[in-house]
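**Student:** Got a sequence here, can you model it:
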Amino acid sequence: MSRFKFSVGPWNVHTGADSYGPATRKDIPFEEKVKKFSEMGFSAIQFHDDDAVPNLNELTEEEIKEEARKLKKLLDKYNMAAEFVAPRLWMDPHTIDGGFMSTSKEDRDFAMWRAKRSIDIANELGTDMLVIWLAREGTLCAESKSPVWATRQLIEAINEMLRYDSNIRVVIEPKPNEPIDRSICGTMGHVMAISAATIDPSRVGGNLESAHAILAGLDPSHEIGFALAMNKLWTVHLNDQNGIKFDQDKSFGVENLRQAFNQIKVLMENNYGSNGEYVGLDVKAMRTTTDEDSYKHLENSLKIVQALEDKAARFDYGFQKKCVENRDFEGLEMYVMNLLMGIE
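**Tutor:** Next up, the predicted model:
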């Protein structure tokens, strides 16, 4: 049994289509996914706004809320919670130049409309968390917008969200690039600075995704630790990444087991989850995966997390202390490798 509660997004079970090829698996109905997630031991679902309410651009505000209420009944049926709602701005024609930082006021207004509708959906689903992944918030052409102006636009957009609902918490998921070329808010340090500049920093925090930290050339456990030190790690997305390439969303721990171990270790050391936080998985199956194995990448990630929890629980802090006092970091490093390899 894990000490953590887990969440997952419906997009983590997908058809295998990508930028270079068509689907390789059949689409799975949403309710079937929710049922399977519940059976696998997940406690909550992560939602984009249009996961929760498809075609919401075509609905009135009241119709959006009514659809969200229907979804809440479905989640209750399988004893599942909603962890958060996130406006999916990057897929809309209005947001080709960004949403909150678009050079078009009409597009900025649209982005804010979607953010407010996401807050409405979150309220109907019983969650106070709004996640914003700033996918296209930055520049493709470096001279197209001032980074000073763009940063201030983001701060004001978050302020408007905070003013719209006095209970909502805005959680920023940083990423240094892709699909945007130069991100305005690329690391957890950027998130902390943005939070401090808003009208209510107590309601603005961060979501660290392992792969996004690796894309920035950083160690995910240190990004996690930085946010924990600021009491700002309000959710976490575990996955893995083979170097500074494109965002791969590989199963947790399959590329760098030691790096994965240290992510679990720092979460455990700081009692992550004691305030109700979830460990989210954001992993995708390989294109070669068959229909029958559509959930195997999630099963594997859960198994690896739980195996590393056991390793972290057996970590010998007394031996660590002795090694540090003697500056025997070679000895400490080999101890960690032996622990991970199961060598006594």
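
**Student:** rest of the way, CA atoms for contacts and neighbours
**Tutor:** Fine.

**Student:** Make sure I have this right: Thr24 is in a helix.
**Tutor:** No - per DSSP: H, G, I helix; E, B strand; the rest coil, Thr24 lies outside any helix segment and is coil.

**Student:** please begin residue numbering at 349 from this point
**Tutor:** With the count now opening at 349, the last piece we talked about shows up as Thr372.

**Student:** OK, contacts around it?
**Tutor:** Thr372 sits next to Thr363, Gly364, Ala365, Arg635, Thr636, Thr638 when contact means Cα atoms under 8 Å, 6 or more residues apart in numbering.

**Student:** my read: Ser558 touches Gly591, true?
**Tutor:** No - contact criterion Cα atoms under 8 Å: Ser558 and Gly591 do not qualify, at 11.6 Å.

**Student:** want to throw the contacts of Thr372 into a markdown table with distance to Leu404?
**Tutor:** Formatted as a markdown table, the contacts of Thr372 follow (distance: Cα to Cα, whole Å):
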| residue | distance to Leu404 |
| --- | --- |
| Thr363 | 23 |
| Gly364 | 25 |
| Ala365 | 24 |
| Arg635 | 29 |
| Thr636 | 33 |
| Thr638 | 32 |
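
**Student:** of all the residues you listed, which two lie farthest apart?
**Tutor:** Ala365 and Thr638 (12.9 Å; Cα to Cα).

**Student:** Of the contacts of Thr372, which belong to strands?
**Tutor:** Judged by DSSP state E, these include no members of strands.

**Student:** Can you tell me which of the residues you listed are classed as buried?
**Tutor:** Thr363, Gly364, Arg635, Thr638 (16 or more other Cα atoms under 10 Å).

**Student:** I'd like to know which of these is nearest to Ala660.
**Tutor:** For those, the nearest to Ala660 is Arg635 (32.3 Å; Cα to Cα).

**Student:** Show the pLDDT at the closest one.
**Tutor:** On pLDDT, Arg635 comes in at 96.

**Student:** how close does it get to Asp597?
**Tutor:** Separation of Arg635 from Asp597 (Cα to Cα, to the nearest Å) stands at 12 Å.

**Student:** Neighbour count: Ser558 and Gly591, which is higher?
**Tutor:** Ser558 (29 against 15; other Cα atoms under 10 Å).

**Student:** and the more buried one, what is it in contact with?
**Tutor:** Pro568, His585, Leu586, Asn587, Asp588, Gln589.

**Student:** As a markdown table, these with neighbour count and pLDDT would be great.
**Tutor:** A markdown table is the format used below for the contacts of Ser558 (neighbours: other Cα atoms under 10 Å; pLDDT from 0 to 100):
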| residue | neighbour count | pLDDT |
| --- | --- | --- |
| Pro568 | 24 | 98 |
| His585 | 23 | 98 |
| Leu586 | 25 | 98 |
| Asn587 | 24 | 98 |
| Asp588 | 29 | 98 |
| Gln589 | 23 | 97 |
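
**Student:** Of the residues you listed, which belong to helices?
**Tutor:** Of those, the ones assigned to helices by DSSP state H are Pro568.

**Student:** Need the max-distance pair from the contacts of Ser558.
**Tutor:** Those two in the contacts of Ser558 that are separated most widely, counting by Cα to Cα, are His585 and Gln589, at 12.5 Å.

**Student:** thinking again about what came up before, closest one of the contacts of Thr372 to Tyr426?
**Tutor:** Thr363 (23.5 Å).

**Student:** which among the buried ones among the contacts of Thr372 gets closest to Asn427?
**Tutor:** Thr363 (25.9 Å).

**Student:** Which pLDDT value belongs to the closest one?
**Tutor:** On the pLDDT scale, Thr363 gets 97.

**Student:** Now do the contacts for it.
**Tutor:** Contacts for Thr363 (Cα under 8 Å, 6+ apart) come out as Ala371, Thr372, Arg373, Lys374, Asp375.

**Student:** burial count for the last one?
**Tutor:** Just to be clear, that refers to Asp375. Asp375: 13 neighbours (other Cα under 10 Å).

**Student:** Find the nearest non-adjacent residue to it, please.
**Tutor:** Spatial nearest neighbour of Asp375, excluding adjacent residues (Cα to Cα, 6 or more residues apart in numbering): Thr363 at 5.6 Å.

**Student:** Next: Ala490.
**Tutor:** Sequence neighbours aside, Arg530 is the residue nearest to Ala490 in space, at 7.7 Å (criterion: Cα to Cα, 6+ apart).
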